[in-house]
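1. 3D, please:
(2 chains, ligands or ions: 2)
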Number of protein chains: 2
Amino acid sequence: MEILFLGTGAGVPAKARNVTSIALKLLEERNAVWLFDCGEATQHQILRTTLKPRKVEKIFITHLHGDHIFGLPGFLGSRSFQGGESPLVIYGPKGIKDFVEVSLRVSETHVKYPLSVIEIGEGTVFEDGQFTVEARRLNHGIESFGYRIMEKDKPGALDAEKLKKEGIHPGPVYRLLKEGRTVTLDDGRTINGKDYLGPAKKGRVVAILGDTRPSPAAVRLAQNADLLIHEATFNRESEKMAHDYFHSTTFQAAKTAKEAGAKQLLLTHISSRYGKEDWPVLEQEAKTVFPESLLVHDFMEVPVS
Amino acid sequence: MEILFLGTGAGVPAKARNVTSIALKLLEERNAVWLFDCGEATQHQILRTTLKPRKVEKIFITHLHGDHIFGLPGFLGSRSFQGGESPLVIYGPKGIKDFVEVSLRVSETHVKYPLSVIEIGEGTVFEDGQFTVEARRLNHGIESFGYRIMEKDKPGALDAEKLKKEGIHPGPVYRLLKEGRTVTLDDGRTINGKDYLGPAKKGRVVAILGDTRPSPAAVRLAQNADLLIHEATFNRESEKMAHDYFHSTTFQAAKTAKEAGAKQLLLTHISSRYGKEDWPVLEQEAKTVFPESLLVHDFMEVPVS
Ligand SMILES: [Zn+2]
Ligand SMILES: [Zn+2]
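-> Ligands and ions are numbered 1, 2, ... in the order given. All right, here's what the predicted structure looks like:
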């Protein structure tokens, strides 16, 4: 599980940072990639990575501002052109369906894979045996969601050595023991699978938030998260401007991370008013309140551990 | 008057060529730029040139395939963000209005300049004292237009030296003579402006065509043009494939240029199946029938003389 930043800028593309898109790489976990937002030229950014568009299984849109969605129609078309045939699901606020449908209709883009678009509200937007994704409304003028991606706990490994030593040999019974059940063997012994399981592996939690002012929903989504990805459009002293434009400062993002008890904070959505020389300063502003802060740039990859 | 190629690829973006957009620079003529098509990341390409989005006065869309329009919403938003306040007019096939309106509405993009979108048919789509733009339907499966941009002839310069030698001094009378009128002077002399004008300067003609199979409309649009910009998606031997996908080969584009009596042919919309090593071969295929052929690449600038 890794995070690959495809675009880390705000509002308009700049040479140094493209507009927003974040890839959650789940290659080991499910041989898939989930995108969060898809600003213009996201497919161009992908061309410069090893990501395969056909492996993108889900796209979660935080909000409908152009810098977060204008790359969607092109990406959808190219995924088909490049041979993508597996289903793709898009989750996003009300209006996303209209945008996707009109874009594909007028351009006569006929994708060759099953495409569904789900307009979401708050709560659980996706769940399977591996992951739960929960959405909450943030505070951004336009409806903007944050996503909490929760990996389910994985049971510990079965201690086959110990079982063999006790004369219990591999067979159908192992599957039952692995699930932690109690089993009566042919020889009359009753044993409990839990006694033969290593420690369960705790699922990881990542919070990826859309544009927002500081908000209780942000803290809730990031509660004890292994990783919080938060916008930091402005520097610490521009709090008034951040408020007026419904954004956050570096310092505010760090306060949210601290309050939530997150383990690591990645700062993105950096305004192009800040040049290379400002970036370490911005990062430092966050670190004063939350030491595990990192200001990211396009194509940076961060493992989630 | 110069042509600046912002994107010269076909279908999907590739590292070597972005999807289609062509800038007609009219900086000397009217301090303006006209765009023809606006594929995804056209605004990103513009960032790498000296073009100013606020100087873009008109955008002519040839057809609604994604590789020709998906950069439009982002460009429109950024033009406003970067301070553009002068009016912008978009011309294009039926459907362009829907695409622009829905994209701007769902993203809550409120541009700060007067924006109009005109859905065109065949005939004159624009005319003022300087230029006439005519559109014709090509042959591309989806409705696809070609544009013929005709600069109006400019009257010759007034020979002030000759006038002064004959005792006719600068004043309001010069304006009348410049327009080629006959004037009676205070001293009773009657003189004809035409006798004091240099040769008229012939207006230039540029034809910029959308995707198309060979078609009589293409020949008509390019009739005696100083410059024809024509797609060449495929190489000479792929004529069957070009036909099936409603495109042209290098050779077919060159035949159109020859038949139209155009002075120069620029080949664009090159499929990404052809690599750098193929480009000279493609150009040569066109040259065998039309020697003044040039295969263009992204950021190439060609003067119209
Ligand atoms: Zn944004
Ligand atoms: Zn095309």
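
2. Assess the claim that A:Gly84 and A:Gly77 are in contact.
-> No: contact between A:Gly84 and A:Gly77 fails when scored by CB atoms under 8 Å: they sit 10.2 Å apart. For glycine as for every other residue, the C-beta is placed from the backbone atoms N, C-alpha and C.

3. Tell me which of the two has more neighbours.
-> Using other CB atoms under 10 Å in any protein chain shown as the criterion, A:Gly84 and A:Gly77 rank with A:Gly77 on top: 24 against 20.

4. which SS state does the more buried one fall under?
-> With DSSP: H, G, I helix; E, B strand; the rest coil as the basis, A:Gly77 sits in helix.

5. cool, and A:Thr256?
-> Relying on three-state DSSP, one would call A:Thr256 helix.

6. Please verify my assumption that it contacts A:Ala218.
-> Yes: contact criterion CB under 8 Å: A:Thr256 and A:Ala218 qualify, at 5.0 Å.

7. Identify the contacts common to the two.
-> Both A:Thr256 and A:Ala218 are contacted by A:His230, under the criterion CB atoms under 8 Å, 6 or more residues apart in numbering or on different chains.

8. out of everything not next to it in sequence, what's closest to the closest residue to ligand 2 within the stretch 101-250 of chain A?
-> Distances between the stretch 101-250 of chain A and ligand 2 by CB to the ion are smallest at A:Ser107, namely 10.3 Å. Using CB to CB, 6 or more residues apart in numbering or on different chains and skipping the chain neighbours, the partner closest in space to A:Ser107 is B:Gly66 (4.2 Å).

9. same check, this time on A:Thr233
-> A:His247 (3.9 Å).

10. Contact residues of the stretch 151-300 of chain A facing ligand 1?
-> Contacts of the stretch 151-300 of chain A with ligand 1, taken as CB under 5 Å from the ion, map to A:Asp211.

11. Would you pull up the residue in the stretch 151-300 of chain A closest to ligand 1?
-> Closest point on the stretch 151-300 of chain A to ligand 1, by CB to the ion, is A:Asp211, at 4.6 Å.

12. and that residue, what does it touch?
-> By CB under 8 Å, 6+ apart, the neighbours of A:Asp211 are A:Thr62, A:His63, A:His65, A:His68, A:Leu138, A:His140, A:Ser144, A:Glu231, A:Thr233, A:Phe246, A:His247, A:His269.

13. What distance do you get for it to A:Thr62?
-> 7 Å (CB to CB, to the nearest Å).

14. Mutual contacts of those two, please.
-> In contact with both A:Asp211 and A:Thr62: A:His68, A:Ser144, using CB under 8 Å, 6+ apart.

15. give me phi/psi at the residue lying farthest from the centre of chain A?
-> Most distant from the centre of chain A: A:Asp187, at 49.6 Å, with distances by CA atoms, centre = their mean. Note on A:Asp187: backbone dihedrals following degrees, to the nearest 10 are phi -80, psi 10.

16. same question, the one 4 residues further on
-> Backbone dihedrals for A:Ile191, given as degrees, to the nearest 10, come out at phi -130, psi 150.

17. How about it: what's its closest non-neighbour residue?
-> Distance criterion CB to CB, 6+ apart; nearest residue to A:Ile191, sequence neighbours excluded, is A:Val183 at 6.0 Å.

18. Tell me if I am right that that neighbour is in a strand.
-> Yes: secondary structure assignment places A:Val183 in a strand (three-state DSSP).

19. right, and it touches A:Asp195 too?
-> No: at 11.1 Å, A:Val183 does not count as touching A:Asp195 under the criterion of CB under 8 Å.

20. Name the helix or strand of chain A that has the lowest mean pLDDT.
-> helix A:172-178 (a mean of 90; mean pLDDT, DSSP states H and E).

21. Put the alpha carbons of that one into CSV.
-> Output of helix A:172-178 as CSV, limited to C-alpha atoms (Å, rounded to 0.1, in the frame of the first residue of the first chain):
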residue,chain,number,x,y,z
PRO,A,172,-9.4,-29.5,5.7
VAL,A,173,-9.2,-29.0,9.4
TYR,A,174,-6.5,-26.4,9.0
ARG,A,175,-9.0,-24.0,7.2
LEU,A,176,-11.3,-24.2,10.2
LEU,A,177,-8.5,-23.6,12.7
LYS,A,178,-7.3,-20.7,10.6
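
22. okay, how far is it across stretch A:44-62, tip to tip?
-> 21 Å (CA to CA, to the nearest Å).

23. for that stretch, which positions count as buried?
-> Under the neighbour-count criterion of 16 or more other CB atoms under 10 Å in any protein chain shown, stretch A:44-62 has A:44-46, A:51, A:53-62 buried.

24. try stretch A:297-305
-> For stretch A:297-305, the neighbour count (16+ other CB under 10 Å) marks A:Asp298, A:Val304 as buried.

25. same check, this time on stretch A:197-217
-> Quick answer for stretch A:197-217 (16+ other CB under 10 Å): A:197, A:204-215, A:217.

26. ok so, going back, nearest spatial neighbour of the residue of the stretch 151-300 of chain A closest to ligand 1, chain-adjacent residues omitted?
-> Using CB to CB, 6+ apart, the nearest residue to A:Asp211 is A:His140, at 4.7 Å.
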